[in-house]
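Visitor: Please work out how this folds:
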Amino acid sequence: MFLRTATARSTGVYCDNVARLQEKLAAADAVVIGAGAGLSTSAGFTYTGERFQKYFTDFIAKYHFADMYSGGFYPFDSLEEHWAYWSRYIYINRFMDAPKPVYRDLLKLAAGKDYFVLTTNVDHQFQKAGFDKQRLFYTQGDYGLWQCSKPCHQKTYDNEEIVRRMVESQGFVIGPDGALELPEGAALRMTVLAGLVPHCPVCGAPMSMNLRADDTFVEDDGWHAAARRYEAFLRRHEGEHILFLELGVGGNTPVIIKYPFWRMTYQKPRAVYACVNLSEAYCPREIRARSICVEGDIGTVLHRLL
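Guide: Sure, this is the predicted structure:
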């Protein structure tokens, strides 16, 4: 359908593109927001640097992890150590608020529009910012859910209560604002209590994260219900002026958001495709006339649109 060569990374001057996007957003009958990791990065959820150092200094010293993400794949010797690492990872990326108001600004822009969100992000920030749960489809899972590692059944389980107990058992304190803190002079433990290690209530196998990493990923009833709502939304707005707004989608999973947005824009004469990304804002030539590509920090762009 599309030529292999994409257009330049921006379809015009930055300020002009932001103004065009503002105009198209106001005129749209419906907005489909496609959100990738770059959106949460803009909101302050970084997996390297100071934030990683603050919560994982002991694991970095022992295993020389370069970043939070790669450490999650390490084959720890025990489940107690595995869940010590992962409970910190889950808590700061799922249950703490984003440092910057990027998601709240996006909600202000969506207010009053008929919108739907398709996202590969698993940090739950859309709901924390106040987006309607019935208008969200988390395709890749949720840090706040566990599943059987086999899996022996297609069901997921909320993990917040146990994750809180896990991080506290390591020496952390959860502050009144929900932030994870280490008391001055306290030493962290790198294991959780054996009694906190989660096992499947059906078969007894260890639990795992409900994250799409391989073919064991559980698509539970909630996942399928969200998929149906997304499909119904697209059908309901067939033939209308739809803005496909892509935010922070990279090249890891383009078949979920980027490529479908390109295809639907091509197939729907009244559709407009917009891509906002720090360094990867581009589109195919075939839809260039109905595309707006803005390279820049997503949070800054969204704030300018308000």
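
Visitor: drop to CA atoms for contacts and neighbour counts, all remaining ones
Guide: Fine.

Visitor: which intervals of the chain have sub-threshold pLDDT?
Guide: For the chain, residues meeting the criterion pLDDT under 70 lie at 1-12.

Visitor: Show me how it divides into domains.
Guide: Using automatic domain parsing, the domains assigned to the chain come out as 14-42+99-139+220-305, 49-97+160-197.

Visitor: tell me the most buried of those?
Guide: Scoring those by mean neighbour count under mean count of other CA atoms under 10 Å gives domain 14-42+99-139+220-305 as the most buried, with a mean of 19.

Visitor: and it, how far out from the chain's middle?
Guide: Taking CA atoms, centre = their mean, to the nearest Å, one finds domain 14-42+99-139+220-305 lying 12 Å from the centre of the chain it belongs to.

Visitor: quick one: what helix or strand has the spatially most central residue of the chain in it?
Guide: Nearest to the geometric centre of the chain sits N121, at 1.5 Å (CA atoms, centre = their mean). Using DSSP states H and E, N121 sits in no helix or strand.

Visitor: when you give positions from now on, start the count at 683
Guide: With the count now opening at 683, the last piece we talked about shows up as N803.

Visitor: Okay, it and S851: tell me how far apart.
Guide: In this view, N803 and S851 are 28 Å apart by CA to CA, to the nearest Å.

Visitor: quick revisit: L827: which of the domains of the chain is closest?
Guide: Using CA to CA as the measure, domain 731-779+842-879 is the one of these that comes nearest L827, at 8.3 Å.

Visitor: From start to finish, how long is that closest one in a straight line?
Guide: From its first residue to its last, domain 731-779+842-879 covers 29 Å (CA to CA).

Visitor: And stretch 957-970, by the same measure?
Guide: The first residue of stretch 957-970 is 11 Å away from its last residue (CA to CA).

Visitor: What of stretch 938-958?
Guide: First-to-last distance for stretch 938-958 - CA to CA - comes to 17 Å.

Visitor: same deal with stretch 918-933?
Guide: Between the opening and closing residues of stretch 918-933 lies a distance of 29 Å (CA to CA).

Visitor: check contacts around the nearest residue to K837 once chain neighbours are set aside.
Guide: Setting aside the residues directly before and after it, K837 is nearest to D902 in space (CA to CA, 6 or more residues apart in numbering), at 5.2 Å. Going by CA atoms under 8 Å, 6 or more residues apart in numbering, D902 touches Q836, K837, T838.
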